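Enquirer: No sequence on hand, only this structure:
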C-alpha cells in the first residue's frame, strides 16, 4: 500500500506543475503581436491586383499551399523569405505584389515587411488572408 500512495503523491505533484507549464507555453504563444509598417488591402483591392497581373506570393508553409492557394500564387514561405529575397524575384521589384497567409495576421505582415525592406515597395498584405478570399467566394487552386 505505501508504494501506491507514494505514486499518488508524485502524480499530484506533477499535476500541480502542469498548469504552470501549460500557462507558460500559452503566454509565450500569445505574446503581444509585433506591429509592421506595411499596407494592408481588402479582398476587393487584392482581386483587382490579381486581375491586373500583379505578383501573388503565398508566405505559408508548403502543406498549406498544397491544400489550397490563390490561383496565380507562387510559394515563398516566410522561413525562406527571412533568409533573403531570392534573386529570381528581382524582376518584380517595381511590380504590385500581393502577399498573403491564412488569416492576414499570422505571417503575411512580416513577409510583406521583409519584401518592402528589400526594395519591393509595391508589396501589400491581404488583410484577411486566404480565409477572407475564400469567404468572398473567390477561386482557389488545390
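Expert: In hand now; what should we look at? This one's a predicted model, so the numbers in the text were calculated from it and none came from an experiment.
Enquirer: Please report how far the residue positioned nearest the centre of the chain lies from residue 53.
Expert: Centroid check for the chain by Cα atoms, centre = their mean gives residue 107 as the closest residue, at 2.6 Å. Per Cβ to Cβ, to the nearest Å, residue 107 is found 24 Å from residue 53. Placement of C-beta: from N, CA and C, glycine included.
Enquirer: how far does stretch 119-130 stretch from start to finish?
Expert: With Cα to Cα, to the nearest Å applied, stretch 119-130 spans 25 Å between its terminal residues.
Enquirer: what about that stretch, distance to the chain center?
Expert: For stretch 119-130, the separation from the chain centroid amounts to 12 Å (computed by Cα atoms, centre = their mean, to the nearest Å).
Enquirer: Likewise for stretch 78-94?
Expert: 16 Å.
Enquirer: what do you get for stretch 65-72?
Expert: 14 Å.
Enquirer: Quick one: end-to-end distance for that stretch.
Expert: Using Cα to Cα, the distance between the terminal residues of stretch 65-72 is 12 Å.
Enquirer: Not counting its own residues, what contacts it?
Expert: Contact partners of stretch 65-72, identified using Cβ atoms under 8 Å, 6 or more residues apart in numbering, comprise 50, 56, 58, 73, 75, 98, 100, 130, 133-134, 139-142.
Enquirer: Repeat the analysis, applying 10 Å as the threshold.
Expert: With contact meaning Cβ atoms under 10 Å, 6 or more residues apart in numbering, stretch 65-72 is reached by 46-47, 49-51, 53-60, 73-77, 98, 100, 126, 130, 133-134, 138-142.
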